[in-house]
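[1] pasting the sequence and the predicted coordinates here, then a few questions.
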Amino acid sequence: MPRFSPTRLALFSGVVAASVGVGYAVAAQPHMAETLTFLQSARGELAAATPNKGGHRERALALIDNAINEVRAGIAFAAH
């Protein structure tokens, strides 16, 4: 049976606790979770489009990435 050092055990426990916390935060915020789903879907559609849009497609992808990051930050903020 492998032995874990106290540091590794603490790190593992922290990762598990954070995962549970994030899962709860998303579940407790259905509108924010649904927003992430919509943004990720929109990003996939834009990524699949041909890149002949004068740079607008690329800028839209960057804006969606920023929006995804902001929604995730909002979920994390509300969880604390």
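    That came in fine, so what should we check first?
[2] next, the buried residues of the helix or strand residue 61 falls within.
    Here residue 61 sits within helix 56-79, counting by DSSP states H and E. By 16 or more other Cβ atoms under 10 Å, the buried positions in helix 56-79 come out as 61, 64, 67, 68, 71, 72, 75. Where C-beta positions appear, they are placed from N, C-alpha and C, glycine not excepted.
[3] relative to helix 56-79, how tilted is the helix or strand where residue 41 lies?
    Taking DSSP H and E as the definition, residue 41 sits inside helix 30-48. Here helix 30-48 runs at an angle of 160 degrees relative to helix 56-79 (axes from the mean of the first three to the mean of the last three Cα atoms, to 10 degrees).
[4] show me what helix 30-48 is in contact with.
    26-27, 57, 60-61, 64-65, 67-68, 71-72, 74-75, 78 (Cβ atoms under 8 Å, 6 or more residues apart in numbering).
[5] what's the farthest-apart pair in these?
    27 and 57 (33.1 Å; Cβ to Cβ).
[6] now the buried residues of helix 56-79 as CSV including distance to residue 41 and pLDDT?
    Output for the buried residues of helix 56-79, formatted as CSV (distance: Cβ to Cβ, whole Å; pLDDT from 0 to 100):
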residue, distance to residue 41, pLDDT
61, 13, 97
64, 10, 97
67, 12, 97
68, 11, 97
71, 13, 97
72, 16, 96
75, 18, 94
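[7] follow-up on the earlier one: report the buried residues of the helix holding residue 41.
    35, 36, 39, 43, 46.
[8] next one: the last one from residue 57, what distance?
    Summarising the geometry, the distance separating residue 46 from residue 57, computed by Cβ to Cβ, to the nearest Å, is 6 Å.
[9] cool, and the second one?
    As judged by Cβ to Cβ, residue 36 and residue 57 stand 21 Å apart.
[10] swap in the third one?
    Shown here: residue 39 relative to residue 57, a distance of 16 Å by Cβ to Cβ.
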